[in-house]
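Undergrad: Mind looking at a prediction? Sequence and model below.
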There are 2 protein chains.
Amino acid sequence: MKSIDLLITEAKQLIYFSKTDATHGNDTWRLKAITNGYVAIEDGHVVHIGSEDEVLPLVQIDSGTVTIDAHDKVVTPGLVDSHTHPVFHQTREHEFEMRVQGKSYEEIAAAGGGIRSSVRGVREASKEELKSVVRKRLDRFLSVGTTTIEAKSGYGLSLEDEVKSLEVIRELNDEHSLEMIPTFLGAHEVPTEYREKRDEYIQLVIKEMIPYVAENGLAEFCDIFCEQGVYTVSEARRILSAAREAGLRIKLHADQLHLTGATRLATELQAVSADHLECLDDEGIQAMASSKTIAGLLPGAVFFLGSHRYPPARKLLDAGTRVCLATDFNPGSSMTQSLPLMMTLGCLFMKMTPEEALMASTIFGAASICREEVIGNLLPGYRADVVLWDADDYRQIPYYYGVNLVNTVIKKGKVVFKIDHGQN
Amino acid sequence: MKSIDLLITEAKQLIYFSKTDATHGNDTWRLKAITNGYVAIEDGHVVHIGSEDEVLPLVQIDSGTVTIDAHDKVVTPGLVDSHTHPVFHQTREHEFEMRVQGKSYEEIAAAGGGIRSSVRGVREASKEELKSVVRKRLDRFLSVGTTTIEAKSGYGLSLEDEVKSLEVIRELNDEHSLEMIPTFLGAHEVPTEYREKRDEYIQLVIKEMIPYVAENGLAEFCDIFCEQGVYTVSEARRILSAAREAGLRIKLHADQLHLTGATRLATELQAVSADHLECLDDEGIQAMASSKTIAGLLPGAVFFLGSHRYPPARKLLDAGTRVCLATDFNPGSSMTQSLPLMMTLGCLFMKMTPEEALMASTIFGAASICREEVIGNLLPGYRADVVLWDADDYRQIPYYYGVNLVNTVIKKGKVVFKIDHGQN
């Protein structure tokens, strides 16, 4: 018997998810908690979980085995943040201050702020400059318990600058412990120089960007910001159809600020996820329930825009739709990397239970990037992406809000982050 | 010339507050930022601040001087959290889950949950058990940039258990770097055993608890939860008048869930602060503006109860009232210790500027515990309670929300916390 690489012992609560009977045509997962739980890890994967008596007889421990005592900790799968925009240069706290003083997000955008301001920043920065600022953000994702993110381009809006952004993701992915799944978002805005000839830009996206990105394996997904004043549903259909033909999977920013019908387009095109959904109506909820498309809910973007219109999570869940939570990390409408705080928002304002909120940040986040059989769970065979929390009960993760309860983060079986509260 | 103990060099932004002309009868403070700022610290106090040229000629540096390079950091006064309830035993995440599933905070309280459930926990715990759980909470306050808290009793509700709670605060204050200013809150609820004879409990508070607490120097302030179903305005007047006679200063939980008139009582009794104020009307705002009473705003308790009714911060500020922000840290209605997140809530939902939010968490927090000439600022003569933030601009503190930007915390001139992001 080969010795294991890592053993987590006596977890106060060991959380994993188990599949039950199918309902509504979708898989039903339920949260399971093992008291005094053990996790055995070998070659970057979970090999056994259970009580001491269930796990120890099955494993070989030797001097090379790392053991982590978790008797005062909750152990969960690493969090999966399935919607982020991390490749920007400057932060935009001055726009935050303007909003507080009464300007709307749309007014700031119209005055040259917003996404366009980040586009200028990305275009002016070299790839190395971008990598240097993005790298620090990746450290912070790990420190708040996130082990995998979906990472979008979308502040380049030219072939050259979109490729630069996706290369930043690829190169940092190779060197950093955080795992990134790249998404091409060339249709995040219509760039300023194409304002009067938007169709030329759409042609550029379809004829040049998508083929280049797909052929060079720079992205796995293609996303679009379908919204009043940005891209119409019919433009989105053209762009996403081209992406699908090129072999990319599809995501949409849908029905965020206005009900445009983008969610129904998502289900029609069998998108992997439709994200935002703040303005979704009952017909759209039905369309989602009849599809396999996952609802990607981003409560941080509601909160950070000072709004109270949260997406209809409860109705979506009750209709049987799979729901994931993500941060929407970006410098304009959601400057956070904390999935635990998104769970708090989900519980308080979207009436998700702590169980639903945790599943939405792990197993269903993984489903939203087509990796639900690889990450987001701790059943044997899953990748050993694990978080140890300074907590007694998993419900404390959304309950004890605004502070970081993460103690240790394990990625592919290796400890990649450990909090040290320093001297005091 | 004596050598200094600690020198902070080249702060990207060094933030302090400067007094300008008086308006509305209250002091007016404005935020000032020094680029490439230096702070010299001696015997636990700030002795000089300014540019390199202004500070270095005035100080003697030798091998005993600790130097901290802050070229990529924002430096601010330590945060002052002026309203907390840290002396409880168990957390109450099960009630959080019940609320998510549709029970109101008041229903949970009526069913034996809420404050009463924490009262059972404190009564059953020994002083040492309490100290052990509270101590960890103090570490966490420091880690999020808070160097001083006001700490209330109020989960004992008997002479013995209120004294035990205040002794926990006193003993931990002696051993821990975080500074605590104790407040007696024996009138936090009417204890279960006095439900049918509430006046006997009020007599106990007035005749036994207040005299004991005052004579033994166990608290500096007396507070009361004046609210429908808890204590009436007339009961509050009796209790607070007795407290004032015994030499305690006065605070009130006022006009939180209902407009009771408690804020006007606060101004009438010249309370140091009236806290909550979610239901305050224009007449109450006028009463506050004509008084020296500080408005203690607790947006976390609005947020965490799933409400959107924030206190009228903008009107209070525009009327010239001094406003402080606090976490209201407690296991029922605000389970957080993060003042930066309170600043975010203040900006987004109470239209405070980042400048106002930072002052509300430092200099005005200090004013709310009668220490505005000692802490909450970095002018020479103030105590050297300092936070170094991983940030470029102080506005990032509320903007970059839900993550902890604190890098280093200095209390009374000594480094008491330093983040170590560990291996990765």
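TA: Arrived safely, thanks for sending.
Undergrad: List phi and psi for A:His258.
TA: The phi/psi pair for A:His258 (degrees, to the nearest 10) reads phi -140, psi 150.
Undergrad: before we move on, what about A:Leu130?
TA: phi -60, psi -50.
Undergrad: Find the nearest non-adjacent residue to it, please.
TA: In space, A:Leu130 comes closest to A:Val168 once its chain neighbours are excluded; the distance is 4.9 Å by Cβ to Cβ, 6 or more residues apart in numbering or on different chains. Backbone N, C-alpha and C define where each C-beta goes, glycine included.
Undergrad: Ok, A:Thr336 next?
TA: B:Gly402 (4.0 Å).
Undergrad: so the one you found sits right up against A:Leu339, yeah?
TA: No - with contact defined as Cβ atoms under 8 Å, B:Gly402 and A:Leu339 do not form a contacting pair (9.2 Å).
Undergrad: okay, those two: which has more neighbours?
TA: Neighbours per residue, other Cβ atoms under 10 Å in any protein chain shown: of B:Gly402 and A:Leu339, the larger number sits with A:Leu339, 32 against 28.
Undergrad: can you tell me which residues contact A:Asn407?
TA: A:Asn407 sits next to A:Lys73, A:Leu388, A:Trp389, A:Asp390, A:Lys418, A:Ile419 when contact means Cβ atoms under 8 Å, 6 or more residues apart in numbering or on different chains.
Undergrad: mind putting those in a markdown table, pLDDT included?
TA: Conversion of the contacts of A:Asn407 to a markdown table gives the following (pLDDT from 0 to 100):
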| residue | pLDDT |
| --- | --- |
| A:Lys73 | 98 |
| A:Leu388 | 98 |
| A:Trp389 | 98 |
| A:Asp390 | 97 |
| A:Lys418 | 93 |
| A:Ile419 | 86 |
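Undergrad: when you check chain B, which of those residues turn up near it?
TA: Filtering the contacts of A:Asn407 for neighbours of chain B using Cβ under 8 Å from any Cβ of the partner chain leaves A:Lys418, A:Ile419.
Undergrad: Now, the contacts of A:Asn407 that are in strands?
TA: Cross-referencing these against strands under DSSP state E gives A:Leu388, A:Trp389, A:Lys418.
Undergrad: With neighbour count added, can I get the residues you listed in JSON lines?
TA: JSON lines is the format used below for these (neighbours: other Cβ atoms under 10 Å in any protein chain shown):
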{"residue": "A:Leu388", "neighbour count": "27"}
{"residue": "A:Trp389", "neighbour count": "27"}
{"residue": "A:Lys418", "neighbour count": "18"}
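Undergrad: helices or strands up against the helix or strand encompassing the residue nearest to A:Leu130?
TA: Assigning secondary structure by DSSP states H and E places A:Val168 in helix A:159-175. Using 3 or more Cβ pairs under 8 Å, 6 or more residues apart in numbering or on different chains; DSSP states H and E as the contact criterion, the elements in contact with helix A:159-175 are helix A:115-124, helix A:127-143, strand A:179-187, helix A:210-215.
Undergrad: right, and A:Arg238 touches A:Val205 too?
TA: No - at 9.2 Å, A:Arg238 and A:Val205 do not qualify as touching, with contact defined as Cβ under 8 Å.
Undergrad: So which of these two has more stuff around it?
TA: A:Val205 (25 against 18).
Undergrad: any weak-confidence spans in chain A?
TA: Within chain A, the ranges that satisfy pLDDT under 70 run A:1, A:21-27, A:421-424.
Undergrad: Give me the domain ranges for it.
TA: Dividing chain A into domains by automatic domain parsing, as the record does, gives the ranges A:6-77+A:378-418, A:79-367.
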